[in-house]
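K.L.:
Build me a structure from this.
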Amino acid sequence: MDLMLFAHSRHLRKADEELARWGLGRAHHRVLYFVARRPEMTVGELLAILSIAKQSFARVARQLTDKGLLSQRPGDRDRRQRLLSLTEAGAELEMVLFADMRHNMAQAYAAAGGPAVAGFWMVMQNLMGEEARGHFARLHGIGGGGARYPAMASASSPTDNA
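P.N.:
Next up, the predicted model:
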């Protein structure tokens with residue numbers, strides 16, 4: 001557990017500093033991250049991925065919208081749905097936040113080697129549980145919903161998804 005907590009803190013340090021400059025926190029980061037991965041995601045889809053209540057999301061979304069980082073529009077087929085996208089400024093901020101994390105992961109993966117990375121992915125899949133595995137699979141177009149994917153590390157670029 002110590003390894004996870006120390007690594008997590010170090011891995012997010014620069015992102016936390018940049019978020020603080022914007023008056024934002026990790027909840028905002030999570031929204032920026034997932035909306036960047038799936039532009040035009042519905043609010044309902046994002047709430048399911050983040051496992052948060054609509055009320056919690058509303059506060060974060062309002063702050064991101066007020067800062068010109070997030071846009072919402074009605075759905076094309078169902079006007080009651082709200083589709084989320086990052087603005088140009090939001091996409092730029094998300095890239096800045098993600099750059100150091102991508103660099104950290106690339107260095108760690110290179111140092112560990114392929115078999116260790118595949119093992120790491122298996123550990124992470126088992127920690128996230130069935131529901132989160134299903135969200136991950138849908139986000140990345142991996143068939144089978146919540147099933148475990150031994151070769152998930154090769155499904156797409158590990159530094160884009162880890």
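
K.L.:
only C-alpha atoms for contact and neighbour calcs from this point on.
P.N.:
Fine.

K.L.:
residue boundaries of the strands in the protein?
P.N.:
If DSSP state E is used as the criterion, the strands of the chain fall at 41-42, 70-74, 82-86.

K.L.:
Show me what the shortest one packs onto, helices and strands only.
P.N.:
Helices and strands in packing contact with strand 41-42 are listed as strand 82-86; criterion 3 or more C-alpha pairs under 8 Å, 6 or more residues apart in numbering; DSSP states H and E.

K.L.:
What strands line up against the strand it packs on, and which way round?
P.N.:
If you go by DSSP bridges, strand 82-86 pairs up with strand 41-42 (antiparallel), strand 70-74 (antiparallel).

K.L.:
Outline the domain layout of the protein.
P.N.:
As assigned by automatic domain parsing, the chain contains the domains 1-98, 113-162.

K.L.:
and the strands of the chain as CSV, adding mean neighbour count, mean pLDDT and distance to Asn104?
P.N.:
Formatted as CSV, the strands of the chain follow (neighbours: other C-alpha atoms under 10 Å; pLDDT from 0 to 100; distance: least, C-alpha to C-alpha, whole Å):
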stretch, mean neighbour count, mean pLDDT, distance to Asn104
strand 41-42, 19, 94, 27
strand 70-74, 17, 96, 26
strand 82-86, 22, 97, 24
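
K.L.:
Include distance to Gln107 when you put those into a markdown table, please.
P.N.:
Shown next, in a markdown table, are the strands of the chain (distance: least, C-alpha to C-alpha, whole Å):
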| stretch | distance to Gln107 |
| --- | --- |
| strand 41-42 | 31 |
| strand 70-74 | 31 |
| strand 82-86 | 28 |
